[in-house]
Structure formats: C-alpha cells, structure tokens
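> here you go, sequence then predicted model.
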There are 2 protein chains.
Amino acid sequence: MSNSNTADKVSHNVYFEGKVQSLGIETEQGKATVGVMKKGTYVFNTGAPEVMEVITGKMSTKVSGGEWLHHKKGDAFEVGANTSFEVVCETEVAYICYYH
Amino acid sequence: MSNSNTADKVSHNVYFEGKVQSLGIETEQGKATVGVMKKGTYVFNTGAPEVMEVITGKMSTKVSGGEWLHHKKGDAFEVGANTSFEVVCETEVAYICYYH
C-alpha cells in the first residue's frame, strides 16, 4: 500500500497491487473514502467501525464469523471495529466508506 | 495531469495539482470515473457527453453559455459533448461521472 496526502491534495490509497484504490474525503458525516475495486476477492481489516455503501456494481461480504451478505447499488452495510471482512466483487465496484 | 492504467489496476487520474482526483471503473452503464474534488473552482472540458452524479457534498456548475445550477447529494446532471463547464465545490465533493 502507498499513501500520498498533503493538506491541499486529495489523499490516494492503493491496495492489492492497485486492484483496489481509494480517495479520501471529508464529509458532513465525517471522514470517508471513495474507492473502486476490480473483480476479485479481498480481505480488509477495520480499525474504526465503517459504513460502506455501494455506488455501482455487485459485491458480497462476510464479516469474520458471520454469513455472506449480498450488496448491490444503493445498499449500505456496517462493519464493526477491529475485525476483518472478506469481499467478493462480482463486477467492478465503486463504493463510499464512512468511518465513525 | 498524470495517468496510470494497466489491465489489472484501477486507473488513477490527477487534475489541478491533486485537488481533483478520479478512479476509473467499468459499469453496467459503460465507462465511468469516481472522483473527489477539494473545495474550489475548476473548469473541465468534455469529450464525450457525461452524466455526473453527486455522491456527497455540494457543488454548482455552469455549462458554457448556460446558467449556474446547484447540485447536492443524489443529484445528477448531464453535460454535452465537446464543451466546457465551470464547477464550484462549496464542500469537498465525491462524484461519479458516466461517459456515453
């Protein structure tokens, strides 16, 4: 992962050899990232709790110890703090992720 | 502007010295970009016609020769081919832009 962030530039994060990338944004609901994932399977770890919303595409997620959930455009779901979750992107997916 | 794009990586575009950045995505509606703009005023030029949708934040736009229009979260608007449009971001803005 690489990270570039200065006061006046949008921050850019690169994960999984560039297959997942995100841009940082300050919103009315606090810090968030907007990102794109290529088709594929990924595992993410959370620090703060997150609310993730699908902007376009289809994905499935499974929080550690939970069941597979399916998400499409417009769906939002919560992921708790300090856990990991698996993500399967059936298409390319754009998302916004809010950190609380 | 810099551009990096390989087959298996998300493409990343940087405009206005990093104050506007976007990520490429292939959607059911064709090619699109998801981006973040810092507060500020920008002028963009279109090639193909675009439909731009605000994911979060507030912005105003004026297509060449038109009037100022105000857009908030969830709003979508069209910009014709081969024109320019001014954008004023009153907050940081996340958007998705579809190219037709």
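Alright, I've got the coordinates.

> how about the residue lying closest to residue A:93 once chain neighbours are set aside, what does it touch?
Closest residue to residue A:93 apart from its sequence neighbours, by CB to CB, 6 or more residues apart in numbering or on different chains: residue A:57 at 3.5 Å. Just so you know, the C-beta spots here come from the backbone N, C-alpha and C atoms, and that holds for glycine as well. By CB atoms under 8 Å, 6 or more residues apart in numbering or on different chains, the contact list for residue A:57 reads A:37, A:72-73, A:89-94, B:25, B:27.

> swap in residue A:62?
A:68-69, A:85-86.

> which parts of chain A sit against chain B?
Counting by CB under 8 Å from any CB of the partner chain, chain A comes close to chain B at A:6, A:8-10, A:12, A:14, A:17-29, A:32, A:34-38, A:55-57, A:91-94, A:96.

> drop anything exposed from those residues.
A:9-10, A:12, A:14, A:18-25, A:27, A:32, A:34-38, A:55-57, A:91-94, A:96 (16 or more other CB atoms under 10 Å in any protein chain shown).

> show me those residues that map onto helices.
Using DSSP state H, no member of those sits in helices.

> list of residues touching stretch A:68-84?
A:43-64, A:85.

> narrow these to those in strands?
Per DSSP state E, strands hold the following members of these: A:43-45, A:50-56, A:58-63, A:85.

> show the buried residues in the residues you listed.
A:44, A:50, A:52-56, A:58-59, A:61, A:63, A:85.

> shaky segments in chain A?
A:1-7 (pLDDT under 70).

> recalculate using a threshold of 50.
Along chain A, segments meeting pLDDT under 50 span A:1-5.

> right, and residue A:53 touches residue A:96 too?
Yes - under the criterion of CB atoms under 8 Å, residue A:53 makes contact with residue A:96 at 5.1 Å.

> tabulate the contacts of residue A:57 in JSON lines, adding columns for distance to residue A:81.
Listed next are the contacts of residue A:57 as JSON lines, based on distance: CB to CB, whole Å:
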{"residue": "A:37", "distance to residue A:81": "22"}
{"residue": "A:72", "distance to residue A:81": "25"}
{"residue": "A:73", "distance to residue A:81": "26"}
{"residue": "A:89", "distance to residue A:81": "23"}
{"residue": "A:90", "distance to residue A:81": "27"}
{"residue": "A:91", "distance to residue A:81": "28"}
{"residue": "A:92", "distance to residue A:81": "28"}
{"residue": "A:93", "distance to residue A:81": "23"}
{"residue": "A:94", "distance to residue A:81": "24"}
{"residue": "B:25", "distance to residue A:81": "28"}
{"residue": "B:27", "distance to residue A:81": "31"}
